[in-house]
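[1] fold the following and give me the result.
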Amino acid sequence: VQLQASGGGLVQAGGSLRLSCAASGRTFGTYVVAWFRQAPGKERDFLAYITWIGGRTYYADSVKGRFTISRDNARNTVDLQMNSLKSEDTAVYYCAARRPEKSMYDYWGQGTQVTVSS
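    Model prediction:
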């Protein structure tokens, strides 16, 4: 499955952004879809995932309560609503997908830059 992440940009601290991850050429089917981010000089961090079937979600502690992951069946997207953004949220954000029986994410989008100004 090919993934396309979008929605990044420049926002002031305390503001909000909504990222979208679209699957091209097919639906997400039974995949688990997640968001990650990578700040300059740091490792890629897991943020949240959602199961396309059932909509079960899981969040990293670092974003719990501020970020919400959701799926939109009509648009065939997985979105990440980010609220109360902080300067430390500045990073390239990636969406990824895996089959539910796997632990590793096999499919990755190209990344979208989020910059939070203080």
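[2] only C-alpha atoms from now on, for both contacts and neighbour counts.
    Noted.
[3] list the contacts of residue 89.
    Counting by CA atoms under 8 Å, 6 or more residues apart in numbering, residue 89 touches 114, 115, 116.
[4] now it. Its backbone dihedrals?
    phi -80, psi -10 (degrees, to the nearest 10).
[5] tell me the contacts of the most centrally placed residue in the chain?
    Geometric centre of the chain, nearest residue: residue 35, 2.8 Å, by CA atoms, centre = their mean. Contacts for residue 35 (CA under 8 Å, 6+ apart) come out as 46, 47, 48, 49, 80, 93, 94, 95, 96.
[6] quick one: which of those residues has the most company?
    Neighbour counts for the contacts of residue 35, by other CA atoms under 10 Å, peak at residue 95, which reaches 31 neighbours.
[7] where exactly do the strands run in the protein?
    Secondary structure of the chain, counting by DSSP state E: strands at 2-6, 9-12, 17-24, 32-38, 44-51, 57-59, 67-72, 77-82, 91-98, 107-108, 112-117.
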